[in-house]
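S.K.: After the sequence you'll find the predicted model.
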Amino acid sequence: SVGTLFHWQNELIVVKIRSDELLRLAPYTTGQILNFGIKVTTGGQSAHLPIGIEICTDKASCAMFSLQNTSAGDWSVVESQAHAKSAASRRLLSTVAVTSVSPTQASTSGTTNLFISGSGFGTNGGNLKVFVGSTEYTNFQAVSDTFIGVTINAGLGNQTLTVLRTDQVPDGWGSLPGGFRYTPPTIVAISPEALSHTSPTLTVSGANYGTSSAGQSATVVETGASASTTWKSDTSLVIAVPATGGVAYSLEIDIGGQTASKGAAFSFLAPTVSSLKPFSAASSGGSAMTIFGLSFGASDPGLEIFVGSTICSAVTWSSNTAAVCTLPPGVFTGLDVSINSTAQFGTILNAFSYFAPSVSVTTLTNAPVEAGSVVTVFGSNFGGGDFGAKSSIGGTDCGSTSWVSDSAVICALGAGSGGSNDVVMSVGRQVATVTSAFTFDKPVINVTLPQNGPTTGDVTITVSGLNFGLSDNEFAVSLGSTTCLSKQFTDNYQAVCVIPAGSGAGLQVTATASQLQGSLTQ
């Protein structure tokens, strides 16, 4: 194998050779033109080809062939012989040069008349070919040694314009790399601006999208995701973007290597919530609730669901219209339920409630009037955590209420009195009551002083004992069947009574505190 040959348009052969081989054969400098005879062998047959090489720094500045440095062993010269520069050898080099083209861009949807300026074109159009990219044209309107007029078809992207002259040996050619392009695409509008998750398809309107479904692509800028592109016309594309959810995505289209973009071009529809099942549950949490609505995503986008301000302990995406929440513990009623899908929220108001608490039994049903007794209240739906449960007995709040579990709290009783007291539990604005479930000790009279008095009455006696209650309003004293003319409540242990006129011995003194009575006969 003597090297690699590049065959172009069945006319021109380009041979890459190693620079060190060329340097060994003849000294050279940039701009110098060297002529070589290259022996090419293919299929067991050989031929000698005269090759003209111009020494240059890059291909764009070469009139014909560029000398390219390659790694050792890639290319080799089997037979070569340097020739002195002469008029005879120079004619082997191309005399074709392209200097400009007008217009510099062409239509993507119709024909365009190009006017090419340069030199070395000759005057015979039959010996010329014009290439825009790889597309060949010979339909010339005018030809001179410095001018070519040609009509080209619609196309896309940036293109190299090349003029090939076939009556030279080898063929002469000149090109204008990057000096010509088809009109770049533009985006005028994108609709709709809000996309469904199940059919996220955009219509892009603009210009210069070409005449066929080739050479178009699209990308969602923020994610880098490719979008499926369907060509409709030179002014319209239909683009199916990935159903990711979210807002303010930018879109970039690529038409034959030329791009156009539009920032914040589209968003996905925000989720909406229409109903829940169930709409109430135990306060301990852990049960499943299904939330129904729209725009939950075409696949699991990492949903979050909130009951009130508390996030569900687990969320399972089911479909674009349903998701399942593992409920957190809670105690309130009329809670909003919200779903978060890629930073877009949907909410249904006042839709969910936790079961109200209920009280079933207490460890004590009676206690002394003084504060300090401890009562455990049992029931249900006190909350799967400490949600600030409060309890009261007989209208008096517990000195403290300590949450133990969803079914138990401990009440440190304050002072109280009376019988038939209600036990009340309050959790998260929901209240449970057991009526007439608790009593305090009834009054006990230990002594009255003095123990006798005149029959005319108007005598003050002091009554001492226990469990006289909390206030003067709850306490009364009677002597026999006669109520004291007046009383003065001192504290839970003592009261003063002014007795009316009376007679008799062994009379019963009775103390009443919150409808509970205690007596002493003396």
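M.R.: That came through fine.

S.K.: Which residues are in contact with Phe345?
M.R.: Ala270, Pro271, Ser338, Ile339 (CB atoms under 8 Å, 6 or more residues apart in numbering). C-beta coordinates here come from the backbone N, C-alpha and C atoms, glycine included.

S.K.: Closest one of these to Gln430?
M.R.: Ser338 (21.7 Å; CB to CB).

S.K.: For whichever strand or helix holds the closest one, buried residues please.
M.R.: Here Ser338 sits within strand 335-341, counting by DSSP states H and E. Residues of strand 335-341 classed as buried: Leu335, Val337, Ser338, Ile339, Asn340, Ser341 (neighbour count, 16 or more other CB atoms under 10 Å).

S.K.: And it, what does it pack against?
M.R.: strand 272-277, strand 288-294, strand 304-307, strand 344-354 (3 or more CB pairs under 8 Å, 6 or more residues apart in numbering; DSSP states H and E).

S.K.: So what touches the first one?
M.R.: Applying CB under 8 Å, 6+ apart, the external contacts of strand 272-277 come out as 289-295, 337-339, 346-348, 351-352.

S.K.: What's the separation between Gly414 and Phe440?
M.R.: 11 Å (CB to CB, to the nearest Å).

S.K.: Settle it for me: which of the two has more neighbours?
M.R.: Phe440 (26 against 18; other CB atoms under 10 Å).

S.K.: Look at the more buried one and report its pLDDT.
M.R.: Here the pLDDT value assigned to Phe440 is 88.

S.K.: repeat for Gln488
M.R.: 84.

S.K.: can you tell me which residues contact it?
M.R.: Contacts of Gln488 by CB under 8 Å, 6+ apart are Asp472, Ala495, Val496, Cys497.

S.K.: Kindly report the same for Ser360.
M.R.: Phe378, Gly379, Ser380, Val434.

S.K.: Between all of those, which two are separated the most?
M.R.: So, these by CB to CB: farthest apart are Ser380 and Val434, at 12.8 Å.

S.K.: now the most centrally placed residue in the chain, nearest residue through space, not along the chain?
M.R.: Centre of the chain computed as the mean C-alpha position; nearest residue by CA atoms, centre = their mean is Thr342, 2.6 Å away. The spatially closest residue to Thr342, leaving aside those adjacent along the chain, is Gly245, at 3.7 Å (CB to CB, 6 or more residues apart in numbering).

S.K.: From Gly224, how far off is the one you found?
M.R.: Gly245 is 16 Å from Gly224, by CB to CB.

S.K.: Same check on Ile311?
M.R.: Ile311 is 30 Å from Gly224, by CB to CB.

S.K.: swap in Asp397?
M.R.: 62 Å.

S.K.: which one of those two has more residues nearby?
M.R.: Comparing Asp397 with Gly224 by other CB under 10 Å, the one with more neighbours is Asp397, at 15 against 7.

S.K.: and that one, what does it touch?
M.R.: Neighbours of Asp397 in contact, by CB under 8 Å, 6+ apart: Lys390, Ser391, Gly414.

S.K.: so how far is Gln488 from it?
M.R.: 28 Å.

S.K.: about what we covered before: compile the contacts of Phe345 into TSV and extend it with columns for pLDDT and distance to Ile445.
M.R.: Output for the contacts of Phe345, formatted as TSV (pLDDT from 0 to 100; distance: CB to CB, whole Å):
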residue	pLDDT	distance to Ile445
Ala270	94	74
Pro271	95	72
Ser338	97	63
Ile339	96	67
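
S.K.: of all those, which comes closest to Gly256?
M.R.: Nearest member of the contacts of Phe345 to Gly256, counting by CB to CB, is Ala270, at 36.6 Å.

S.K.: Which residue, other than its chain neighbours, is closest to the closest one?
M.R.: Using CB to CB, 6+ apart, the closest residue to Ala270 is Gln344 (4.0 Å).

S.K.: Got the confidence number for that neighbour?
M.R.: So Gln344 comes in at 93 (pLDDT).

S.K.: Let me know how buried it is, in neighbour terms.
M.R.: 17.

S.K.: can you tell me which residues contact it?
M.R.: Gln344 touches Gly245, Gly246, Val247, Phe268, Ala270, Pro271, Ser295, counting by CB under 8 Å, 6+ apart.

S.K.: before we move on, back to that, present the contacts of Ser360 as CSV; the columns should include secondary structure and neighbour count.
M.R.: Compiled in CSV, those are given as follows (DSSP: H, G, I helix; E, B strand; the rest coil; neighbours: other CB atoms under 10 Å):
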residue, secondary structure, neighbour count
Phe378, strand, 16
Gly379, strand, 21
Ser380, strand, 17
Val434, strand, 19
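
S.K.: Mind exporting the C-alpha coordinates of stretch 208-221 to CSV?
M.R.: Output of stretch 208-221 as CSV, limited to C-alpha atoms (Å, rounded to 0.1, in the frame of the first residue of the first chain):
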residue,chain,number,x,y,z
ASN,A,208,-35.9,29.5,6.6
TYR,A,209,-36.6,25.9,7.8
GLY,A,210,-36.0,24.4,4.4
THR,A,211,-38.0,22.5,1.8
SER,A,212,-37.9,19.0,3.2
SER,A,213,-37.7,17.0,6.4
ALA,A,214,-33.9,16.9,6.5
GLY,A,215,-31.4,18.9,8.5
GLN,A,216,-33.7,20.1,11.3
SER,A,217,-33.3,19.3,15.0
ALA,A,218,-34.3,21.0,18.3
THR,A,219,-33.0,21.0,21.8
VAL,A,220,-34.4,22.1,25.2
VAL,A,221,-31.7,24.5,26.3
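
S.K.: Next, the buried residues of it.
M.R.: Those buried within stretch 208-221 under the rule 16+ other CB under 10 Å are Asn208, Tyr209, Gly210, Thr211, Gly215, Gln216, Ser217, Ala218, Thr219, Val220.

S.K.: Show the low-confidence segments of this structure, by residue range.
M.R.: 1-94, 168-172, 522 (pLDDT under 70).

S.K.: mind redoing it with 50?
M.R.: 1-14, 16-31, 54-93 (pLDDT under 50).

S.K.: Show me where it has its helices.
M.R.: In the chain, the segments counted as helices under DSSP state H are 19-25, 87-90.

S.K.: Just the ones of the contacts of Gln488 in strands?
M.R.: Ala495, Val496, Cys497 (DSSP state E).

S.K.: Where neighbours are concerned, which of these has the most?
M.R.: Ala495 (26 neighbours).

S.K.: in the sheet, who's paired with that one?
M.R.: For Ala495, the beta-bridge partners under DSSP bridges are Val463, Phe489.

S.K.: hang on, the earlier thing: I'd like to know which of the contacts of Phe345 is nearest to Ser261.
M.R.: Of those, the one sitting nearest to Ser261 (CB to CB) turns out to be Ala270, at 24.4 Å.

S.K.: Please give me every residue in contact with the closest one.
M.R.: Per CB under 8 Å, 6+ apart, neighbours of Ala270: Ser295, Ser341, Gln344, Phe345, Gly346.

S.K.: dump the residue contacts of the last one.
M.R.: Gly346 makes contact with Ala270, Pro271, Thr272, Val273, Gly293, Ser295, Ser338, Ile339, according to CB under 8 Å, 6+ apart.

S.K.: right, and Leu202 touches Val241 too?
M.R.: Yes - using CB atoms under 8 Å, Leu202 makes contact with Val241 at a distance of 6.4 Å.

S.K.: Give the residues shared as contacts by those two.
M.R.: Taking CB under 8 Å, 6+ apart as the contact rule, Leu202 and Val241 both touch Leu195, Leu251, Phe266.
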